[in-house]
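> Whatever this is, show me its structure:
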Amino acid sequence: MSEQPVLFSARDCADGRRIAIATLNAEKALNALSLEMVDLLSAELDRWEADPDVVAILIDSVGDRAFSAGGDIRMLYESMVEHGAGENPYARDFFAREYRLDHRLHHSPIPIITWGNGFVMGGGMGVYQGGDFRIVTEHSKLAMPEITIGLFPDVGGTWFLNRTRDHAGLFLGLTGAQINAADALYVGLADVFVPHGDKARLLDRLAALAWAGDTAARKGQIEALLREFEHDGRDRRPAAQIPAHGEWIARVTGADSLAAASAAITAYDGEDAWAQRAVATHRRGCPVSIFLAHELHRRGRGLTLADALRLELVAALNCARYGVFREGVRAQIIDKDNAPRFEPATLAELTTALQRQYLTPPWGDAPHPLADL
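This is a model prediction of the structure:
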């Protein structure tokens with residue numbers, strides 16, 4: 001397999017058109033999204049969108065374990081160690097360019113299919129959610145677990161978690177809970193279920209289409225074909241986990257304060273393993289991250305995706321600047337001691353001044369780096 005972190009190819013169609021394919025190619029790192037991947041995808045989108053013969057885009061990944069299990073944060077960690085609380089050009093470039101790509105995927109004039117097999121987390125969710133047709137398989141495991149590393153559900157999570165059924169997105173952000181294909185479809189974080197083994201056959205069927213002339217009609221063709229595959233594979237769908245916990249999730253998402261939401265999470269005393277893992281993740285989460293997950297979700301109601309990303313860039317750079325992100329990555333990825341020393345250590349210690357600090361633009365009066373989205 002090539003060492004290129006994203007592989008680009010095309011499938012010729014029967015009518016002379018082409019389906020463009022981008023394959024994330026960092027299998028050992030579970031296809032974690034690096035800045036190089038972001039830049040390669042952005043550059044290729046320029047070419048595809050200028051080519052009238054490209055009728056659809058498929059974004060998939062190598063291996064069977066993950067579409068993308070997050071962002072490649074080792075370089076970010078090194079930059080945080082180097083710059084401390086000072087200006088961090090690498091962090092600003094990484095987040096700004098990643099968020100630009102996420103925004104662009106949502107607005108591409110070409111229909112995009114994202115193949116969410118295996119782990120779809122963090123930065124991988126940002127790319128995955130940009131698809132017009134977000135496919136899940138029997139192996140899909142979706143999550144936004146950033147509270148464990150001193151970050152928060154970013155890459156547009158402020159926007160797409162706000163659009164989930166029954167406000168389940170807030171629960172997912174506060175607990176980092178992992179959901180399967182059935183749950184992703186239930187809450188609206190995926191569009192269609194297709195068994196993973198059917199990917200090649202689906203591509204064959206797509207290539208055989210006589211493609212319509214306009215984007216809306218092409219999307220209709222893809223939709224109809226995907227529904228055929230979903231019907232054929234309906235017996236492969238896993239059982240949903242979220243509906244059985246609807247009352248508990250409603251208490252969390254309906255709480256009138258973060259303290260009340262946290263209390264509703266930790267009050268769980270059942271024996272369901274999925275729920276217990278969610279509680280455990282919340283308990284060990286970074287207090288700043290939990291606050292930001294809750295506050296950005298509140299502020300994000302009604303925001304456009306662009307405004308949500310602009311808000312997230314402020315918070316992400318401050319997480320890098322003030323040390324919680326660095327400490328979370330150190331404990332989980334670098335030293336792997338799983339014993340982060342977050343400051344503050346509890347939600348009760350998170351003063352109003354600290355809350356304001358994390359939501360104040362770190363570039364002062366200069367223009368927002370994403371002002372032109």
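
> Please make it C-alpha for all contacts and neighbour counts, starting now.
Fine.

> tell me the SS of residue 56?
Under DSSP: H, G, I helix; E, B strand; the rest coil, residue 56 falls in the strand class.

> Could you check how many residues crowd around it?
When neighbours are defined as other C-alpha atoms under 10 Å, residue 56 has 25 of them.

> separation between it and residue 298?
35 Å (C-alpha to C-alpha, to the nearest Å).

> Repeat that for residue 334.
Distance from residue 334 to residue 298, by C-alpha to C-alpha: 32 Å.

> Give me the pLDDT for residue 3.
Here, the pLDDT recorded for residue 3 equals 85.

> show me what contacts it?
Taking C-alpha atoms under 8 Å, 6 or more residues apart in numbering as the criterion, residue 3 is in contact with residue 25.

> Doesn't it belong to a strand?
No. Looking at residue 3 with three-state DSSP, it is coil, so not inside a strand.

> Residue 238 versus that one, what's the distance?
Separation of residue 3 from residue 238 (C-alpha to C-alpha): 34 Å.

> where does residue 71 land on pLDDT?
Value for residue 71, per-residue pLDDT: 89.

> And for residue 289?
Looking at residue 289, its pLDDT reads 98.

> which residues touch it?
146-148, 150-152.

> Now the residues you listed in TSV, please, with extra columns for pLDDT.
Output for these, formatted as TSV (pLDDT from 0 to 100):
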residue	pLDDT
146	97
147	98
148	97
150	98
151	98
152	98
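
> In a markdown table, list those residues along with secondary structure and distance to residue 347.
Shown next, in a markdown table, are these (DSSP: H, G, I helix; E, B strand; the rest coil; distance: C-alpha to C-alpha, whole Å):
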| residue | secondary structure | distance to residue 347 |
| --- | --- | --- |
| 146 | helix | 16 |
| 147 | helix | 13 |
| 148 | helix | 14 |
| 150 | coil | 13 |
| 151 | coil | 15 |
| 152 | coil | 15 |
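
> which two in these are spaced the farthest apart?
Between any two of the contacts of residue 289, the greatest separation by C-alpha to C-alpha is 8.7 Å, found for 148 and 152.

> quick one: which of the two has more around it?
A count of neighbours by other C-alpha under 10 Å puts residue 152 above the other of residue 148 and residue 152, at 31 against 26.

> how close does the more buried one sit to residue 44?
29 Å.

> Could you do residue 183 as well?
Computed as C-alpha to C-alpha, the residue 183 to residue 44 distance reads 32 Å.

> Compare these two (neighbour count), which wins?
residue 183 (20 against 14).

> Just give me the neighbour total for the closest residue to that one other than its chain neighbours.
Among residues not flanking residue 183 along the chain, residue 240 sits closest, at 5.1 Å (C-alpha to C-alpha, 6 or more residues apart in numbering). Residue 240: 15 surrounding residues under other C-alpha under 10 Å.

> Residue 240 contacts residue 185, doesn't it?
No. Counting by C-alpha atoms under 8 Å, residue 240 sits too far from residue 185 to count as a contact (9.2 Å).

> Quick check: phi and psi on the spatially most central residue of the chain?
When C-alpha atoms, centre = their mean is applied to the chain, the residue found nearest the centroid is residue 125 (2.1 Å). Backbone torsions for residue 125, taken as degrees, to the nearest 10, come to phi -70, psi -30.

> now it: how far from residue 322?
Using C-alpha to C-alpha, we find residue 125 at a distance of 25 Å from residue 322.

> cool, and residue 208?
For residue 208 relative to residue 322 (C-alpha to C-alpha), the value is 53 Å.

> again, but for residue 40
Taken as C-alpha to C-alpha, the span from residue 40 to residue 322 is 30 Å.

> Also residue 94?
Note on residue 94: its distance to residue 322, by C-alpha to C-alpha, is 17 Å.

> before we move on, what about residue 88?
With C-alpha to C-alpha as the criterion, residue 88 and residue 322 are 11 Å apart.

> coming back round to it: which of residue 208 and residue 322 has more residues huddled nearby?
Neighbour comparison, residue 208 and residue 322: the larger count goes to residue 322, with 17 against 13 (by other C-alpha under 10 Å).

> Which pLDDT value goes with the more buried one?
97.

> wait, what's in contact with it?
Residue 322 sits next to 84-85 when contact means C-alpha under 8 Å, 6+ apart.
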